[in-house]
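# Quick check, what structure comes out for this input:
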Amino acid sequence: MSNIAKAESPQPDAFANALAGAAGGALSMALTYPLVAVTTKMQTQVSRETASDEKQIESERKQGLLATVKEIYRKNGIVGFFAGLESAIIGMAFSSFVYYYCYEASSRFIMKNTHKSSLNTAESMLVGTVAGSINAAATNPFWVANTRMTVEKSDQNTLRTILEISRTQGPMTLFNGLKPALLLVINPIIQYTVFEQLKNRVLERRNSRTLSPSWAFVLGALGKLVATGTTYPYVTMKARMHLEGKKKENGENLNAPNSLVSLMLETIKKNGVSGLYRGIGLKLVQSVLTAAFLFFFKEGLLLWSIKTLRTLSLLNRRRRIPNKI
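Sure thing, here's the model as predicted:
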């Protein structure tokens, strides 16, 4: 009886997966945000161009984690490490919801039409491309606002920041960095492909249909480690492009490059190749922990929803049995 109930109990649909993903994303971002703030600050530090500032240029090149932490604390105190937290949580929750909904809906469509219970590597990459592209376009304004709020420690909320950017710099400014963001779709493709393929192996070995939160934490960390390690220069360029509209509005850096390639070349010219990898150590720690906690919370919430649905199904079945008798 218990096996039949287990087999027939309802499973979370795409919407339930998206809700669990959104909640997991918000919780993981809240836990790791100080690391996000420091990493964003390090990524957006750019050396000055004047020859008279050579010592300053060299100093900024060598500025590391400790110096960045001290600078944030000196300027804004403890709250400086939480600047932009609201927009980051909203952005992460919305981003996770969009991604997981598109990913699960696309996955179920493919599995239904191919009569398979899981995706192979090529199918996982295709689904990840679709979900990642939709997600990048839908959530870019949140991340532009978040970068501004984090670097400038704005006291405005996310919506007011988005509206101000749109009013003062034009609506298209909200899509600064969209091109590198679309290129960065390769990041979640790598992350989720690694995760899904490892997940399939674990489920096969354990002869289970659901992944435990602890396994999700480990596999999520591995997937993000591979993804971030291979795409970090694009992450850095995306963060810097988010600030370009503000710099031009203030009359700074009017000749700043508008394309991803030209920005990368300028960064290499000013700071060397190492400029593309500024803050990578901390970024790896932050992104791996964020992803690991996201998968941990998401799979935990899904397990809870499955148990809840199963309990409701059993109660409903037991209530019907006396009526049949």
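# What's the local residue count around residue 130?
Neighbours of residue 130 under the rule other Cβ atoms under 10 Å: 15. Every C-beta, even on glycine, is put in place using the N, C-alpha and C of the backbone.
# Which neighbouring elements make contact with the lengthiest helix in the chain?
Longest helix of the chain, by residue count under DSSP state H: helix 280-324. Contact here means 3 or more Cβ pairs under 8 Å, 6 or more residues apart in numbering; DSSP states H and E; on that basis helix 280-324 packs against helix 2-8, helix 14-43, helix 85-114, helix 213-249.
# And the pLDDT for the closest residue to residue 99 other than its chain neighbours?
Excluding its sequence neighbours, the residue lying closest to residue 99 (Cβ to Cβ, 6 or more residues apart in numbering) is residue 135, at 4.4 Å. On pLDDT, residue 135 comes in at 90.
# helices or strands up against whatever helix or strand residue 135 lives in?
Following DSSP states H and E, one finds residue 135 within helix 121-152. Applying 3+ Cβ pairs under 8 Å, 6+ apart, we find helix 121-152 packed against helix 14-43, helix 85-114, helix 158-169, helix 178-183, helix 186-206, helix 213-249.
# re earlier: thought the residue nearest to residue 99 was touching residue 100?
No: at 9.2 Å, residue 135 does not count as touching residue 100 under the criterion of Cβ atoms under 8 Å.
# In terms of neighbours, single out the busier of these two.
residue 100 (26 against 23).
# per-residue confidence at the residue most central in space within the chain?
Nearest to the mean C-alpha position of the chain, by Cα atoms, centre = their mean, lies residue 92 at 6.2 Å. Residue 92 is assigned 88 on the pLDDT scale.
# Name all residues that make contact with it.
25, 26, 28, 29 (Cβ atoms under 8 Å, 6 or more residues apart in numbering).
# can you check residue 174 too?
Applying Cβ under 8 Å, 6+ apart, the residues contacting residue 174 are 140, 141, 144, 145, 162, 165, 166.
# ChimeraX command for the buried members of the residues you listed?
To isolate the buried subset of the contacts of residue 174 in ChimeraX, counting by 16 or more other Cβ atoms under 10 Å, use the following:
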select :140,141,144,145,162,165
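# List just the nearest of the contacts of residue 174 to residue 131.
Using Cβ to Cβ, residue 140 comes nearest to residue 131 of those, at 15.0 Å.
# one step back: just the closest of the contacts of residue 174 to residue 231, please.
Distances from residue 231 to these, taken by Cβ to Cβ, are shortest for residue 140, at 16.5 Å.
# quick one: that closest one and residue 180, what's the gap?
10 Å (Cβ to Cβ, to the nearest Å).
# Identify the contacts common to these two.
With Cβ under 8 Å, 6+ apart, residue 140 and residue 180 have no common neighbours.
# which residues does the residue lying closest to residue 145 once chain neighbours are set aside contact?
Nearest non-adjacent residue to residue 145, counting by Cβ to Cβ, 6+ apart: residue 161, 4.3 Å away. For residue 161, the contacting residues are 87, 145, 148, 149, 154, by Cβ under 8 Å, 6+ apart.
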